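Undergrad: One predicted model, sequence on top.
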Amino acid sequence: DQQVKQNSPSLSVQEGRISILNCDYTNSMFDYFLWYKKYPAEGPTFLISISSIKDKNEDGRFTVFLNKSAKHLSLHIVPSQPGDSAVYFCAASDTGTASKLTFGTGTRLQVTL
Amino acid sequence: DTEVTQTPKHLVMGMTNKKSLKCEQHMGHRAMYWYKQKAKKPPELMFVYSYEKLSINESVPSRFSPECPNSSLLNLHLHALQPEDSALYLCASSQGWGRGKYTDTQYFGPGTRLTVL
């Protein structure tokens, strides 16, 4: 049972444009959400997070939006840069019960020149 | 500083070997994790240590044996592995329990690429 889903396995965006990566979840107990960026053969790098008490969090070029009623979150990267090309994982946790992240399947972002 | 270090970077072992993976963090985090990641898949949780005690074991085979000697170190002892255990093994740490909640921003190390022959 995939509790966190990223339905787009890949995304191609032109440099300077906005990249929008989407993530859906099914577990209503999840209350903390994170985005990680991963290059091949490296560990995931934390990008940005959002608590369920908020609907938006911004850090530089990265903004995460949370729609609790739709159980949907998205990561916006603007402007996109070639160095943003990587696999992006969303992850979710229920902070009240266990220190455990559930990851989505990942979206490969390619930023083209 | 959000650095988690892992050694070795690469490891090749036979099915009868015994080896260990090591992980270290100096961020004062009290929760540490082992994940396994196969190609084109998300990381899968194996073990969680909270305040140096094993709190989660995701039904991992006994040929994987975790150890947390102190709050900064986490080991994963490997014995009699199978070729299908070849993967990227990731260590992560987080602050752990605080203000009645697990503050779960996990920071990952670079991983150990394990190949079992």
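TA: Alright, I've got the coordinates.
Undergrad: Closest to the centroid, which residue in chain B?
TA: Central residue of chain B (CA atoms, centre = their mean): B:W34, 2.4 Å from the mean position.
Undergrad: Confirm that that one sits in a strand.
TA: Yes: judged by DSSP: H, G, I helix; E, B strand; the rest coil, B:W34 forms part of a strand.
Undergrad: That one and chain A, how far apart?
TA: 12 Å (CB to the nearest CB, to the nearest Å). Using the backbone N, CA and C atoms, a C-beta is placed for each residue, glycine as well.
Undergrad: got the residues of chain B near chain A?
TA: B:2, B:4, B:6, B:31, B:33, B:40-43, B:45, B:48, B:50, B:55-56, B:88, B:90, B:92, B:94, B:96-97, B:100-111, B:113 (CB under 8 Å from any CB of the partner chain).
Undergrad: Narrow these to those that are buried.
TA: Neighbour counting over the residues of chain B next to chain A (16 or more other CB atoms under 10 Å in any protein chain shown) leaves B:4, B:6, B:31, B:33, B:42-43, B:45, B:48, B:50, B:56, B:88, B:90, B:92, B:94, B:96-97, B:101-111 as the buried ones.
Undergrad: which other residues reach the helix or strand encompassing B:V12?
TA: Secondary-structure element containing B:V12, defined by DSSP states H and E: strand B:10-13. Here strand B:10-13 makes contact (CB atoms under 8 Å, 6 or more residues apart in numbering or on different chains) with B:K19, B:L21, B:L78, B:L81, B:T112, B:R113, B:L114, B:T115, B:V116, B:L117.
Undergrad: Helices - which of these land there?
TA: Per DSSP state H, helices hold no members of the contacts of strand B:10-13.
Undergrad: check contacts around residue 9.
TA: Answering for chain A, as no chain was given. Residues in contact with A:P9 (CB under 8 Å, 6+ apart) are A:T105, A:G106, A:T107, A:R108.
Undergrad: please go with chain B instead
TA: B:P110, B:G111, B:T112, B:R113.
Undergrad: Identify the residue nearest the last one in space, chain neighbours excluded?
TA: With CB to CB, 6 or more residues apart in numbering or on different chains as the criterion, B:R113 has its nearest non-adjacent residue at 4.9 Å, and that residue is B:H10.
Undergrad: What about that neighbour, how many residues nearby?
TA: Counted with other CB atoms under 10 Å in any protein chain shown, the neighbours of B:H10 add up to 10.
Undergrad: what's the span of stretch A:50-68 from first residue to last?
TA: With CA to CA, to the nearest Å as the measure, stretch A:50-68 spans 11 Å from end to end.
Undergrad: for it, which positions count as buried?
TA: A:I50, A:F62, A:T63, A:V64, A:F65, A:L66.
Undergrad: And the fourth one, how close does it get to B:S65?
TA: As defined by CB to CB, to the nearest Å, A:V64 lies at a distance of 37 Å from B:S65.
Undergrad: Residue ranges in the chain under the pLDDT threshold?
TA: Defaulting to chain A. Low-confidence segments of chain A (pLDDT under 70): A:97-98.
Undergrad: That was the other one, I meant chain B.
TA: Ranges of chain B meeting pLDDT under 70: B:1-2, B:97-103.
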